[in-house]
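1. Could you work out the structure for the sequence below:
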Amino acid sequence: MRKIKTPIIPIQPTFAKVKGDHELNKEAICIFAATGFFLDRDTYWKDVVALPPASINQLDADGFLVKCTPWFQWHYTPRTISFNEALQEFTTLFETIVEEQIGNKKTILPLSGGLDSRSQAVVLKKLGKEVSSYSYDFDGGYPETQLAQKIATACDFDFKPFQIEKGYVWNVIEELAKINQCNSDFTHPRQMAIIDKFEAMGDVFSLGHWGDVLFDSGTDKTVSENQLTEIILKKLIKKGGMELGNALWHQWKLEGTFEHYLHKRINTLLDTIKIKNVSAKVRAFKSLYWAPRWTSVNLSVFIEKRPVTLPYYDDRMCEFICTIPEEFLADRKLQIAYIKAQSPKLAKITWQDHRPFNLYNYGKNRIPYNLPYRIIKKAQRESNALVGKKYIQRNWELQFLGKENATQLESYLFSNPLKEWVSEEVIQAFYNAFKEKDAVTYSHPVSMLLTLALWKKNNG
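-> Got it, this is the predicted structure:
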């Protein structure tokens, strides 16, 4: 008998066999197609499951799951403490975790213009770690590397800027399919474009993933508990995702309707979370089902080259969050206060989500204060458009648009392996809608069909 204890938020999923027929879990695949990740314990197969977070699992000698017992339950038990006390506790905990995780290793730090990686920069600088930082932006997109460069310069970190080139995914898609096992689509992990650069940068990654979920409201405080299922579905379902899930459900002649099945699954999972505060309940839901099966899957690209550390994934951080009043977590208050207290220099650098404002004046990101910036940026985009320079905002635009990309995409979408279980009629309908109707809405279904094509090719 083997025992496996999973963390509150697993960095990598662990799979086990269960009794049953070895056949495709088509209901699970429909949800995967709609959302971009597998829900709860689901996998491609009915007799293979992902071990749930925060559980103690007993497996027999053949790898079959015998018993699964939770060791931690998300809760909301706010303590009567001041904001300054909460900030001091966070500061001590955050810095202790990072010190333990990094030690004397040379650290690789991905930087953006947001708060999570900026908080990593603050603590790594304060602790005196040797850091090699980098960032990337799209060819034709927002120059994110400029903000990252400013953060790195302020911290005296080595810095390398990269640009994600058009069509890079076709050179690495087969490798990526093996790395992430087709458990998420291929257009989101931009780090795959520079995967060969990582080994020379340092010894270990320090990643800020999930800080934006733990240190913000899960949902608007006006939302009632009976609205939660719809709120969760709006967060989970990608554009065009419900349409693709419905199409596969109908083609495979599954019982009932996809909408009813999905609603029931979400309701059941929400019922297991014994938290009355709706914001904390949504945060718990996302940490239980979104982080391990979506965010963690894409960590596999980093792990392929170097070990990863994630202070916001640490069990102690999750337990801490459960005891902090929602009003302190809302609007990133604790993270912002930490950065301002520890590094005013970094706090004065533009916050990408509220550009051109920073952590001291982002409250002015509203009309009329942000109007001049918006007018200037609109004029720049229109000027670029006149000379044929398209403004790139999304990963799929670099991978799916243009003649060369179309040739590569079609070679996978209309391959024989995919057509063995998704009809050509369904494939053609979504691809035509992407090309002729609404590329933004139908980019997700096309991306998921591409993912299914690679999985089918590799799994027969």
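
2. For the spatially closest residue to residue 5 that is not a sequence neighbour, which residues are in contact?
-> Once flanking residues are discounted, residue 5 sits nearest to residue 56: 5.1 Å by C-beta to C-beta, 6 or more residues apart in numbering. Any C-beta I mention is one placed from the backbone N, CA and C, and that applies to glycine too. Shown in contact with residue 56 (C-beta atoms under 8 Å, 6 or more residues apart in numbering): 3-5, 68-71.

3. Residue 422 now?
-> Residues in contact with residue 422, defined by C-beta under 8 Å, 6+ apart, are 248, 251, 449, 452.

4. Let me know the helix or strand that it is in.
-> Element membership for residue 422 (DSSP states H and E) is empty, with no helix or strand holding it.

5. Which pLDDT value belongs to it?
-> Residue 422 carries a pLDDT score of 94 in this model.

6. Buried among the contacts of residue 56? Need that as a selection in PyMOL.
-> The buried residues among the contacts of residue 56 can be selected in PyMOL (16 or more other C-beta atoms under 10 Å) with this line:
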select buried, resi 68
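
7. State the pair within the contacts of residue 56 that is farthest apart.
-> Pairwise distances across the contacts of residue 56 peak at 14.2 Å for 3 and 70 (criterion: C-beta to C-beta).

8. related to what we said a few turns ago, using JSON lines, lay out the contacts of residue 422 together with neighbour count, secondary structure and distance to residue 162.
-> Listed next are those as JSON lines, based on neighbours: other C-beta atoms under 10 Å; DSSP: H, G, I helix; E, B strand; the rest coil; distance: C-beta to C-beta, whole Å:
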{"residue": "248", "neighbour count": "26", "secondary structure": "helix", "distance to residue 162": "36"}
{"residue": "251", "neighbour count": "15", "secondary structure": "helix", "distance to residue 162": "41"}
{"residue": "449", "neighbour count": "24", "secondary structure": "helix", "distance to residue 162": "29"}
{"residue": "452", "neighbour count": "25", "secondary structure": "helix", "distance to residue 162": "29"}
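
9. could these go into a markdown table alongside distance to residue 317 and pLDDT?
-> A markdown table is the format used below for the contacts of residue 422 (distance: C-beta to C-beta, whole Å; pLDDT from 0 to 100):
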| residue | distance to residue 317 | pLDDT |
| --- | --- | --- |
| 248 | 38 | 98 |
| 251 | 43 | 97 |
| 449 | 37 | 97 |
| 452 | 35 | 96 |
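
10. Output those in TSV, with distance to residue 205 appended to each entry.
-> Formatted as TSV, the contacts of residue 422 follow (distance: C-beta to C-beta, whole Å):
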residue	distance to residue 205
248	36
251	41
449	31
452	29
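
11. So which of those residues is the closest to residue 285?
-> residue 248 (24.3 Å).

12. Distance check, that closest one against residue 44.
-> Per C-beta to C-beta, to the nearest Å, residue 248 is found 13 Å from residue 44.

13. shared neighbours, those two?
-> The contact sets of residue 248 and residue 44 overlap at residue 29 (C-beta under 8 Å, 6+ apart).

14. would you list every one of the strands in the stretch 251-400 of the chain?
-> With DSSP state E, counting those that start in this stretch as the criterion, the stretch 251-400 of the chain has strands at 308-309.

15. Helices along the stretch 151-300 of the chain, start to end?
-> Counting by DSSP state H, counting those that start in this stretch, one finds helices in the stretch 151-300 of the chain at the ranges 169-180, 211-214, 228-236, 241-251, 258-271, 278-285, 296-303.

16. Residue 316: which of those is closest?
-> helix 211-214 (12.0 Å).

17. Could I get the phi/psi values of the closest residue to residue 315 other than its chain neighbours?
-> Nearest residue to residue 315, sequence neighbours excluded (C-beta to C-beta, 6+ apart): residue 8, at 5.0 Å. With angles defined as degrees, to the nearest 10, residue 8 sits at phi -60, psi -40.

18. closest one to residue 442 among the helices of the stretch 151-300 of the chain?
-> Closest approach to residue 442 among the helices of the stretch 151-300 of the chain is made by helix 241-251 (8.4 Å; C-beta to C-beta).

19. contact partners of that closest one?
-> The contact list for helix 241-251 (C-beta under 8 Å, 6+ apart) reads 26-27, 29-31, 33-36, 257-259, 261-262, 422-423, 426, 429-430, 444-445, 448-449.

20. Now a PyMOL select for only the buried ones of these.
-> The PyMOL selection below is limited to those of these classed as buried (16+ other C-beta under 10 Å):
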select buried, resi 26+27+29+30+31+33+34+35+36+258+261+262+422+426+429+430+444+445+448+449
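
21. Who does the one helix or strand residue 56 maps to pair with, and is each partner parallel or antiparallel?
-> Residue 56 is part of strand 55-59 when elements are defined by DSSP H and E. Sheet pairing of strand 55-59 (DSSP bridges) gives strand 2-5 (antiparallel), strand 65-70 (antiparallel).

22. Could you list the buried residues of it?
-> The neighbour-count check on strand 55-59 (16+ other C-beta under 10 Å) flags 55, 57, 59 as buried.

23. Any stretches of the chain with poor pLDDT?
-> In the predicted model, the chain carries pLDDT under 70 at residues 139-142, 376-377, 379-392.

24. The same query, at a cut-off of 50, please.
-> Filtered on pLDDT under 50, the chain yields no residues whatsoever.

25. which residue is nearest the middle of it?
-> Geometric centre of the chain, nearest residue: residue 295, 3.7 Å, by C-alpha atoms, centre = their mean.

26. The nearest residue to that residue once chain neighbours are set aside: how many residues sit nearby?
-> Nearest non-adjacent residue to residue 295, counting by C-beta to C-beta, 6+ apart: residue 209, 5.5 Å away. Here the count is done by other C-beta atoms under 10 Å, and residue 209 has 22 residues near it.

27. Begin at 57, not 1, for the rest of this chat.
-> I'll keep to 57 as the first residue from here, and by that count the last item is residue 265.

28. what's around residue 468, how many residues?
-> Residues contacting residue 468 under the criterion other C-beta under 10 Å number 19.

29. Could you chop this protein up by domain?
-> 58-126, 139-272+341-417, 428-515 (automatic domain parsing).

30. Could you identify which of those domains is most buried?
-> Highest mean neighbour count of the domains of the chain: domain 139-272+341-417, a mean of 19 (counted as mean count of other C-beta atoms under 10 Å).

31. mind checking the end-to-end distance for that domain?
-> End-to-end span of domain 139-272+341-417 (C-alpha to C-alpha, to the nearest Å): 20 Å.
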